[in-house]
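Student: Could you work out the structure for the sequence below:
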Amino acid sequence: MSEKKKRTLVRKKQSVDTSKPLPTNRLWNIEEVAYYLNETVAEIYKRVERRTLPGASKLGRTLRFDPAKIEKWKLQQQVATLEELTK
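Tutor: Numbers count the residues shown, from 1 in each chain. Below you'll find the predicted structure:
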């Protein structure tokens, strides 16, 4: 019996260019969302799995996110400071 070679899928790691603002005219990939929310990619996957992060769409084998929904969700997650509450 001959051993079958295992195929490994090597994916090129995408990185976010931090010198430019994130585009709002197209869907974001998971790395861009993680950068925008200042979280890890693993945490974004967990949020999608728990359905606590809106705007996620599956495009083939990848996740894409609507920037408008992500921005709106981020603003809703902000907690008012004590100073803001006492005004």
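
Student: all strands of the chain, in order?
Tutor: Assigned by DSSP state E, the chain shows strands spanning 56-59, 62-65.

Student: Tell me which of those strands is the most buried.
Tutor: Neighbour counts (mean count of other CB atoms under 10 Å) averaged over each of those peak at strand 62-65, with a mean of 17. Placement of C-beta: from N, CA and C, glycine included.

Student: related to what we said a few turns ago, looking at the strands of the chain, which one has the lowest mean pLDDT?
Tutor: Lowest mean pLDDT of the strands of the chain: strand 56-59, a mean of 90.

Student: Tell me the gap between that one and the middle of its chain.
Tutor: Strand 56-59 has its C-alpha centroid displaced from the chain centroid by 11 Å (CA atoms, centre = their mean, to the nearest Å).

Student: hey, which helix or strand in this structure has the poorest pLDDT?
Tutor: When the helices and strands of the chain are scored by mean pLDDT, DSSP states H and E, helix 82-85 comes last with a mean of 76.

Student: I'd like to know which of the strands of the chain lies nearest to E71.
Tutor: For E71, the closest of those is strand 62-65, at 10.3 Å, according to CB to CB.

Student: who does that closest one touch, helix- and strand-wise?
Tutor: Applying 3 or more CB pairs under 8 Å, 6 or more residues apart in numbering; DSSP states H and E, one finds that strand 62-65 contacts helix 30-37, strand 56-59.

Student: Give me the contacts around stretch 53-67.
Tutor: Contact with stretch 53-67 is made by 22-24, 27-30, 32-33, 44, 47-48, 68-70, 72-73, as judged by CB atoms under 8 Å, 6 or more residues apart in numbering.

Student: tell me how far the ends of it are from each other?
Tutor: Across stretch 53-67, the terminal residues are separated by 12 Å (CA to CA, to the nearest Å).

Student: can you tell me how far Q76 sits from Y36?
Tutor: From Q76 across to Y36, the span is 15 Å (CB to CB, to the nearest Å).
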